[in-house]
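Peer 1: with the sequence up front, the predicted model follows.
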Protein chains: 2
Amino acid sequence: MNQQQTIRLAVVDDDSGFVTVLAKRTEAAGWQQRTSSGAIPPEELVAMKLNALLIDPTVLGEEAWAYLERVCGMLPDLGVVVCSERSTVAQRVRGLRLGVDDWIAKPCHPEEAIARLEAVSRRRRRSRPQAEAGPVVAGELAIRSDRFQAFVGEVSLDLTRREFELLQLLADSPGQVLEREAIYQRVWGYAMAHGDRSVDVFIRKLRQKLEKLSPGWGYIHTHFGVGYRFDPEPSEPTTAPAGSSDPLHNSFTTSTQARNKLSLSR
Amino acid sequence: MNQQQTIRLAVVDDDSGFVTVLAKRTEAAGWQQRTSSGAIPPEELVAMKLNALLIDPTVLGEEAWAYLERVCGMLPDLGVVVCSERSTVAQRVRGLRLGVDDWIAKPCHPEEAIARLEAVSRRRRRSRPQAEAGPVVAGELAIRSDRFQAFVGEVSLDLTRREFELLQLLADSPGQVLEREAIYQRVWGYAMAHGDRSVDVFIRKLRQKLEKLSPGWGYIHTHFGVGYRFDPEPSEPTTAPAGSSDPLHNSFTTSTQARNKLSLSR
DNA sequence: TCGAGCTGTGAAAATCCTGTGAAAGCAGGC
DNA sequence: GCCTGCTTTCACAGGATTTTCACAGCTCGA
């Protein structure tokens, strides 16, 4: 029905085994995860635009309560799950009252931790339907999820829903190559049938609309046999057409793309 | 800091001892609690306007999973806590995935149960009680929540309750695209059934009434495949039909909408 | 250099979505 | 009970969007 939105998670724990296993699973689910073995300053957490935080209070030391209170107070939209080795009812109640969303015991099955993280970010997301996150800016592009639309300056790209979701997904992981199957899975919400060309077709539509409103920039790059990569970069100055040996060629860009970009920008 | 608004809780459990202790505590906290030793039909739950539900799946028997799925699907805003005597990781994960917010083990300290129920119903982070604020003005429109009515000048739009609530919801987030599901969820109070057209129908009624009293303004814009956006804007001067290149065309308006608006404003 | 396998492209076909008018269902008042 | 106004449901038409296809151009390894 609806594809689970990508979750941005931070894990603060020094149990490397647990953290590693967790990372593997979350990655498979398409989450973006960052791990730290020490407390992350609340200000930094804000900047990370997280959906969920999994934290073992033992790494916080004395400051644990103060830290949790600070974090929960500062980030009411963040789903916070505490995972501690030992805890008393009183401690758990105190934590939950402070704003912690869930408190589980270690050892804990990774699958359950993930399910609980999912549950808390589900609830948090519902509580604030209007993600007032500012527009994501890339090159000349501004992607505004509150309008389901991308803009160049004040002009709308006039994207359809699928186009927008595809662009958003790509722009969410700039510089990263995403495979077709993964893209399809996350935009369409189910597995891609063998031989399906939908992704390619929508990439083309995106490129067309991007090119129309923001010529001089290349946004979507093809990786032959793999998939696509979003990476805004100004095109080479087309004012030097003569035998452009392309010395500044971005190493991530295939020659195919370089040529495509040239041909498009004319 | 935290407004402990009264929570409406239903407890479905046949462990009278636990239930009684819980009731004592919740009552002391000012919650409204109803207890049942058998499953409550989902429709009834809707009518009860609950904030939280504490449930022991053993009283549900065979239908437990189906029931939980149904309830969580129908009432995404309801905080659901399962409290079971025995459970496996797989069961807990399944429940959480279904939409359950928390799953705890029995025996369970009442204080912790309450803290967790509080945690799952903690969401109404609504901004200031804006009711007292003067009428919300948008375009030629004045929305007075104290009268459950909208006016153009001194003339009432004569909105019904649903119409008013829909308009108010939209006008509460001007410029933002709201999805149908979200609109339904917040105006009707429960999840929209697949294929339900109520939102569209009420949007039409609103548009009709708005158009009658405030022609020359476009208030509600359609975003194809997504939902609607409230954004009061004067219609293009229809007095200049000849080749209006429309240089000032609002960039937020999709071409679809431009066309719709034109057809409407004629 | 050649060929199998990929990707870009344009357009047709299929599907989905929204606006709309009207009927059917409901609840409350008289 | 009967009436009235409100809400929900239905069916259809006109578009917009998405999917599918066939083919052309490219890439890469043999």
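Peer 2: Cool, the structure landed. Residues are numbered from 1 along each chain as shown, chains lettered A, B, ... in the order given.
Peer 1: what is the residue in the stretch 151-266 of chain A positioned nearest to DNA strand C paired to in the beta sheet?
Peer 2: As assessed by Cβ to the nearest atom of the strand, DNA strand C sits closest to A:Thr222 within the stretch 151-266 of chain A, at 3.8 Å. In this view, the C-beta of every residue, glycine as well, is placed from N, C-alpha and C. Beta-bridge pairing of A:Thr222 under DSSP bridges involves A:Tyr228.
Peer 1: and for it, the neighbour number?
Peer 2: 18 (other Cβ atoms under 10 Å in any protein chain shown).
Peer 1: tell me the confidence at it?
Peer 2: At A:Thr222, the pLDDT value in this model is 97.
Peer 1: in this structure it contacts A:Asp231, no?
Peer 2: No: using Cβ atoms under 8 Å, A:Thr222 makes no contact with A:Asp231, being 11.5 Å away.
Peer 1: any idea how far A:Gln185 is from the residue of the stretch 151-266 of chain A closest to DNA strand C?
Peer 2: Going from A:Thr222 to A:Gln185 by Cβ to Cβ, to the nearest Å gives 19 Å.
Peer 1: please apply the same query to A:Gly195.
Peer 2: From A:Gly195 to A:Gln185 the distance is 16 Å (Cβ to Cβ).
Peer 1: again with A:Gly17
Peer 2: Taking Cβ to Cβ, one finds A:Gly17 at 28 Å from A:Gln185.
Peer 1: residues from chain A in reach of DNA strand C?
Peer 2: A:180, A:197, A:200-201, A:203-204, A:207, A:222, A:224-227, A:260, A:264 (Cβ under 7 Å from any atom of the strand).
Peer 1: ok, and the most crowded of the residues you listed?
Peer 2: That'd be A:Ile203 among those, by other Cβ under 10 Å, with 21 neighbours.
Peer 1: so which residue is dead centre in chain A?
Peer 2: A:Asp172 (4.6 Å; Cα atoms, centre = their mean).
Peer 1: can you pull the contacts of the closest residue in space to that one that isn't next to it in sequence?
Peer 2: Nearest non-adjacent residue to A:Asp172, counting by Cβ to Cβ, 6 or more residues apart in numbering or on different chains: A:Thr6, 6.5 Å away. Residues near A:Thr6 by Cβ atoms under 8 Å, 6 or more residues apart in numbering or on different chains: A:Gly30, A:Trp31, A:Gln32, A:Leu169, A:Asp172, A:Arg186.
Peer 1: assumed A:Thr6 was part of a helix.
Peer 2: No: under DSSP: H, G, I helix; E, B strand; the rest coil, A:Thr6 falls outside any helix and is assigned coil.
Peer 1: hmm, the strand or helix carrying A:Glu211 in reach of DNA strand D?
Peer 2: A:Glu211 belongs to helix A:198-213 when assigned by DSSP states H and E. Yes: Helix A:198-213 is in contact with DNA strand D by Cβ under 7 Å from any atom of the strand, via A:Ser198, A:Val201, A:Phe202.
Peer 1: looking at the residues you listed, which is nearest B:Ala90?
Peer 2: Within the residues of helix A:198-213 next to DNA strand D, proximity to B:Ala90 (Cβ to Cβ) peaks at A:Ser198, which comes in at 34.5 Å.
Peer 1: helices of chain A, start to end?
Peer 2: With DSSP state H as the criterion, chain A has helices at A:16-28, A:42-48, A:64-74, A:89-98, A:110-127, A:161-172, A:180-188, A:198-213, A:255-264.
Peer 1: the ones you listed: which one's closest to B:Ile143?
Peer 2: Using Cβ to Cβ, the nearest of these to B:Ile143 is helix A:110-127, at 23.8 Å.
Peer 1: can you give me the mean pLDDT across the closest one?
Peer 2: pLDDT averaged over helix A:110-127 gives 89.
Peer 1: just stretch A:191-199 next, same as before
Peer 2: pLDDT averaged over stretch A:191-199 gives 95.
Peer 1: excluding sequence neighbours, find me the nearest residue to A:Glu181.
Peer 2: A:Met192 (5.2 Å).
Peer 1: buried ones in stretch A:85-98?
Peer 2: Neighbour counts over stretch A:85-98 (16 or more other Cβ atoms under 10 Å in any protein chain shown) mark A:Ser87, A:Gln91, A:Arg92, A:Val93, A:Arg94, A:Gly95, A:Leu96, A:Arg97, A:Leu98 as buried.
Peer 1: phi and psi next, for the first one.
Peer 2: What it means is A:Ser87. Main-chain dihedrals, A:Ser87, degrees, to the nearest 10: phi -160, psi 150.
Peer 1: output the lowest mean pLDDT helix or strand found in chain A.
Peer 2: helix A:255-264 (a mean of 36; mean pLDDT, DSSP states H and E).
Peer 1: bridging residues for A:Gly218?
Peer 2: Beta-bridge partners, per DSSP bridges, of A:Gly218: A:Glu233.
Peer 1: pretty sure it contacts A:Phe230?
Peer 2: No: here A:Gly218 lies out of contact with A:Phe230, judged by Cβ under 8 Å, at a distance of 10.2 Å.
Peer 1: what sits against the nearest residue to A:Thr160 once chain neighbours are set aside?
Peer 2: Excluding its sequence neighbours, the residue lying closest to A:Thr160 (Cβ to Cβ, 6+ apart) is B:Gly225, at 6.4 Å. Counting by Cβ under 8 Å, 6+ apart, B:Gly225 makes contact with A:Thr160, A:Arg161, A:Arg162.
Peer 1: returning to what we had before: next, format the residues of chain A next to DNA strand C as CSV and append distance to A:Gly38.
Peer 2: Shown next, in CSV, are the residues of chain A next to DNA strand C (distance: Cβ to Cβ, whole Å):
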residue, distance to A:Gly38
A:Arg180, 38
A:Arg197, 47
A:Asp200, 44
A:Val201, 46
A:Ile203, 41
A:Arg204, 46
A:Arg207, 43
A:Thr222, 40
A:Phe224, 41
A:Gly225, 40
A:Val226, 36
A:Gly227, 35
A:Asn260, 45
A:Leu264, 47
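Peer 1: tell me the one among these nearest to A:Gly139.
Peer 2: Distances from A:Gly139 to the residues of chain A next to DNA strand C, taken by Cβ to Cβ, are shortest for A:Arg207, at 13.3 Å.
Peer 1: around the nearest residue to the closest one once chain neighbours are set aside, how many other residues sit close by?
Peer 2: Leaving aside its chain neighbours, A:Arg207 sits nearest to A:Ile220 (5.8 Å; criterion: Cβ to Cβ, 6+ apart). Residues lying near A:Ile220 (other Cβ under 10 Å) number 19.
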